[in-house]
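Student: no sequence on this one, just coordinates:
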């Protein structure tokens, strides 16, 4: 099971991969694990917003369970 | 020579003709002559603006000479 | 200085595509267009047909208005056309386009272009209603 | 209640003509369109090529934004499309159209539609410059 972290745009470019698999825990622990796996993320993460199973999540202590998907979204630039 | 009065849109419809030829004088006398020739104009004229040789003219006592052209313009409705 | 791309008082069909093409530019990131289309009803009355009549100075005045708007705003190009003669329901009477580096200028300039054309252009609209009556618009 | 005519996040070419057709209506007298086109320069740097990347939720969010604008303004119909994938210089990335009975509502709703799409849609822009460097826009 575990947690899937999907990386988009500048976050993917910084990590060098589009997906990481990390352990369940909190949003904070998931992101820490992601940075450990893709150290380039450290400069991009402070600008990013996050989705938990495609719903916006802001609280770092939000629980992330096995099977959940966390999306890392850099600042949008549509239009 | 004399003065040509060109009637547009609702003014033409009211007079039943698109042009009248009247005597030189002032804008006021020219318009009075136009109403005499096309009585239907009497209801439209108060809403109209006027051009003298294609330049806007507002003063009723402006001199209109032989050879001049006076245009009678009902309210615009472009667009 | 902004370009005045295409300004036309014409009996031909006028389209937003033509205006848009007339203002297109590699430097413009935003294009805003307006189309004022002829409707089949006016103030609740059913319109059978209509026609616009243009004064001989209409082309010159349309050019003056386009120039004024092009000079006032930070835009790349403006274009505008007004049709006269009979127009079928659903077709455009007035079309305009403005290109600019940024969208706010394009929107504002296009709005003002349309407002000023409607206020200044010596053109009249004659509507024939389905009940057989007719009207010169704005003429009580 | 206003209609949401066409809303698309797509890799296909998007055009103002398609959006305009999607909002056309016998009852609408005014149609305003916007086209946001890809430029060959950005902040003075020369752009060689670019591509947009869309999050899987982009289509749903574009639909939500279109619905919000359609409900807020007294308009007849709205349509909007955002392209993703590689886009050639000069082609449109974002196109929108709004039809309304009166032009003020059409202009205001189209402006807000474009503003809200740019603020809310989860899409990213990647530029490659002629000097070989690249940039994810808005990502310092």
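Tutor: On my side now, so go ahead. Since this is a predicted model, take the numbers as computed values, not measurements. Numbers count the residues shown, from 1 in each chain, chains lettered A, B, ... in the order given.
Student: Secondary structure class of residue A:59, three-state.
Tutor: Three-state assignment for residue A:59 (DSSP: H, G, I helix; E, B strand; the rest coil): coil.
Student: any idea how far it is from residue B:11?
Tutor: Shown here: residue A:59 relative to residue B:11, a distance of 72 Å by C-beta to C-beta, to the nearest Å. Backbone N, C-alpha and C define where each C-beta goes, glycine included.
Student: Kindly report the same for residue C:102.
Tutor: Distance of residue C:102 to residue B:11, given as C-beta to C-beta: 45 Å.
Student: re earlier: between residue A:59 and residue B:11, which is the more surrounded one?
Tutor: For residue A:59 versus residue B:11, the count of surrounding residues by other C-beta atoms under 10 Å in any protein chain shown is larger for residue B:11: 26 against 11.
Student: Now do the same contact list for that one.
Tutor: Applying C-beta atoms under 8 Å, 6 or more residues apart in numbering or on different chains to residue B:11 gives the contacts B:41, B:44-45, B:48, B:72-74.
Student: at 10 Å instead, please
Tutor: By C-beta atoms under 10 Å, 6 or more residues apart in numbering or on different chains, the residues touching residue B:11 are B:5, B:18, B:34, B:38, B:40-41, B:44-45, B:47-48, B:71-74, C:124, C:136, C:139.
Student: Strands - which of those land there?
Tutor: Using DSSP state E, B:5, B:71-73, C:124, C:136 are the members of the contacts of residue B:11 that sit in strands.
Student: Which of these sits closest to residue A:22?
Tutor: residue C:124 (72.1 Å; C-beta to C-beta).
Student: hey, what's that closest one bridged with?
Tutor: When bridges are called by DSSP bridges, residue C:124 pairs up with residue C:53.
Student: What confidence value was assigned to residue C:33?
Tutor: The model reports residue C:33 with a pLDDT of 98.
Student: next one: phi and psi at residue A:24?
Tutor: The phi/psi pair for residue A:24 (degrees, to the nearest 10) reads phi -60, psi 160.
Student: Nearest the geometric middle of the chain, what residue?
Tutor: With no chain named, the answer covers chain A. Geometric centre of chain A, nearest residue: residue A:72, 3.9 Å, by C-alpha atoms, centre = their mean.
Student: Switch to chain C, please.
Tutor: The centroid of chain C falls nearest to residue C:94 when counting by C-alpha atoms, centre = their mean (2.7 Å).
Student: pLDDT wise, what is that residue at?
Tutor: Here the pLDDT value assigned to residue C:94 is 98.
Student: Look up how far residue D:76 lies from the closest residue to it other than its chain neighbours.
Tutor: Computed as C-beta to C-beta, 6 or more residues apart in numbering or on different chains, the closest residue to residue C:94 that is not its neighbour in sequence is residue C:36, at 4.0 Å. From residue C:36 across to residue D:76, the span is 14 Å (C-beta to C-beta).
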